[in-house]
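**Q** Build the 3D model from these lines:
(2 chains)
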Amino acid sequence: MTSNVTVRIQESDFDIAGEISALTASRTDIGAVVTFSGICRGGEGSDATTALTLEHYPGMAEAEIGRHAEEAMTRWPLTGVTVVHRTGRILPGDNIMVVLTASAHRQAAFQAAEFLMDYLKAHAPFWKREETAGGTDWVAAKTDDDDAAARWDK
Amino acid sequence: MKVLYFAWVRERIGKAEEVIDPPSAVQTVGDLIGWLTTRGEEYAHAFETPKVIRTAIDQMHVRPDAAIAGAREIAFFPPMTGG
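**A** I've put the predicted structure just below:
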């Protein structure tokens, strides 16, 4: 079986249903697709996010995600992985990124999606700048994300 | 070697990339950060808390004790906040 991994970084929005269709097209061995979609959260009050601007390290970001997607393919019996991550300015309610994992059975798909998200948060070179009514500032990384990624280290 | 800066490291230094030629005594990532901080207030500001700075050599994450010999591209950035 050829490796069915798709990684894209783009400014434009994406269509989750279309990405699922592309992952499952003309296959009959898939029993489960897990979708994690990251969406720009707004909120209320003066510290509510009014927009996010995402910066990335071109080349390294694709390589880091690709390596982790390939690792997921070797750790679980997956039939495919798709990761799409946006850059640029994103408004509340808009898509930021999506991870899709496909497998014969749900457990592998769920675990692989969680693994990919934990690693992406801690290792993929993306940075968010947040706009609020009070101004703009870089979002601080959470140590929880490092801890979440570390639990997958063997 | 080429050095790249991202996010607030880029903003504090005021440039996204530059070509540098550090002295031979600068052998590790930690040495390089120390040397960069001597180049001006903007560098000192960007690297004022070295332990929060993340580094990649040729697009692979490395630790502060990593050797820089042979590196083509070294990138400095804050902890990642994607996803």
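**Q** which parts of chain A sit against chain B?
**A** On the criterion CB under 8 Å from any CB of the partner chain, chain B has as its neighbours in chain A the residues A:38, A:54-57, A:59-61, A:63, A:85, A:96-97, A:117, A:120-129, A:138-141, A:146. C-betas here are computed from N, CA, C, even on glycine.
**Q** Filter those residues down to the buried ones.
**A** Buried members of these, scored by 16 or more other CB atoms under 10 Å in any protein chain shown, are A:38, A:54-57, A:60-61, A:85, A:96-97, A:117, A:120-129, A:138-139, A:141.
**Q** picking that back up, I'd like to know which of the residues of chain A next to chain B are part of helices.
**A** Counting by DSSP state H, the part of the residues of chain A next to chain B found in helices is A:Met60, A:Ala61, A:Ala63, A:Met117, A:Leu120, A:Lys121, A:Ala122, A:His123, A:Asp146.
**Q** Enumerate every residue touching B:Arg54.
**A** B:His61, B:Phe76, B:Phe77, B:Pro78, B:Pro79, B:Met80 (CB atoms under 8 Å, 6 or more residues apart in numbering or on different chains).
**Q** List just the nearest of the residues you listed to B:Tyr43.
**A** B:Phe76 (10.1 Å; CB to CB).
**Q** The helix or strand hosting that closest one packs against which elements?
**A** If you go by DSSP states H and E, B:Phe76 is part of strand B:73-77. Here strand B:73-77 touches strand B:2-5, helix B:7-13, helix B:29-36, strand B:54-57, going by 3 or more CB pairs under 8 Å, 6 or more residues apart in numbering or on different chains; DSSP states H and E.
**Q** how about JSON lines for those, with distance to A:Val34 and mean pLDDT added?
**A** Listed next are those as JSON lines, based on distance: least, CB to CB, whole Å; pLDDT from 0 to 100:
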{"stretch": "strand B:2-5", "distance to A:Val34": "34", "mean pLDDT": "98"}
{"stretch": "helix B:7-13", "distance to A:Val34": "30", "mean pLDDT": "98"}
{"stretch": "helix B:29-36", "distance to A:Val34": "37", "mean pLDDT": "98"}
{"stretch": "strand B:54-57", "distance to A:Val34": "29", "mean pLDDT": "98"}
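**Q** out of these, nearest to A:Thr49?
**A** helix B:7-13 (16.9 Å).
**Q** is any part of that closest one close to chain A?
**A** Yes. Residues of helix B:7-13 contacting chain A under CB under 8 Å from any CB: B:Ala7, B:Trp8.
**Q** Any regions of chain A where pLDDT drops low?
**A** A:1-3, A:154 (pLDDT under 70).
**Q** would you list every one of the strands in it?
**A** Ranges of strands within chain A are A:5-10, A:32-39, A:51-56, A:78-86, A:88-90, A:95-103, A:126-132, A:135-138, based on DSSP state E.
**Q** Could you export these as CSV, including distance to A:Glu19?
**A** Output for these, formatted as CSV (distance: least, CB to CB, whole Å):
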stretch, distance to A:Glu19
strand A:5-10, 8
strand A:32-39, 8
strand A:51-56, 19
strand A:78-86, 5
strand A:88-90, 17
strand A:95-103, 6
strand A:126-132, 19
strand A:135-138, 29
